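1. After the sequence you'll find the predicted model.
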Amino acid sequence: METAELKEQLKKQVVEFLNLSTVNPADIKDDEPLFGEGLGLDSIDSIELIVLLGREYGVDIKDPKEGRKILTSINTMAAYIEEHRTK
């Protein structure tokens, strides 16, 4: 899967998996922060994203500090998936 295709898929999955009904996947910028002032996700959302990455891509994130870096943006998530994917 191409990186651009992976990023588009991730945007759709984030919106669907987190039930972000007011967010259009196309409006999420690749480098936009997912937490805080960016998309506004919270710590519960981070746990759900870790579950999503494990289930959909076989990526296992055990260290919370590492998870914070990985879940910074669509770019960081895609890069981590491409490097560690098992599915």
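-> Yep, that arrived.

2. correct me, but residue 58 touches residue 52?
-> No: using C-beta atoms under 8 Å as the test, residue 58 is too far from residue 52 to be in contact (11.6 Å). Just so you know, the C-beta spots here come from the backbone N, C-alpha and C atoms, and that holds for glycine as well.

3. Quick check: residue 6 vs residue 85, distance?
-> To residue 85, residue 6 is 9 Å away according to C-beta to C-beta, to the nearest Å.

4. neighbour count winner among these two?
-> More crowded of residue 6 and residue 85, by other C-beta atoms under 10 Å: residue 6, with 18 against 14.

5. pLDDT wise, what is that one at?
-> Note for residue 6: predicted pLDDT of 97.

6. Would you check that it makes contact with residue 79?
-> No: here residue 6 lies out of contact with residue 79, judged by C-beta under 8 Å, at a distance of 9.6 Å.

7. So what's the residue count around residue 30?
-> Neighbourhood size, residue 30 [other C-beta under 10 Å]: 16.

8. What helix or strand is it located in?
-> If you go by DSSP states H and E, residue 30 is not part of any helix or strand.
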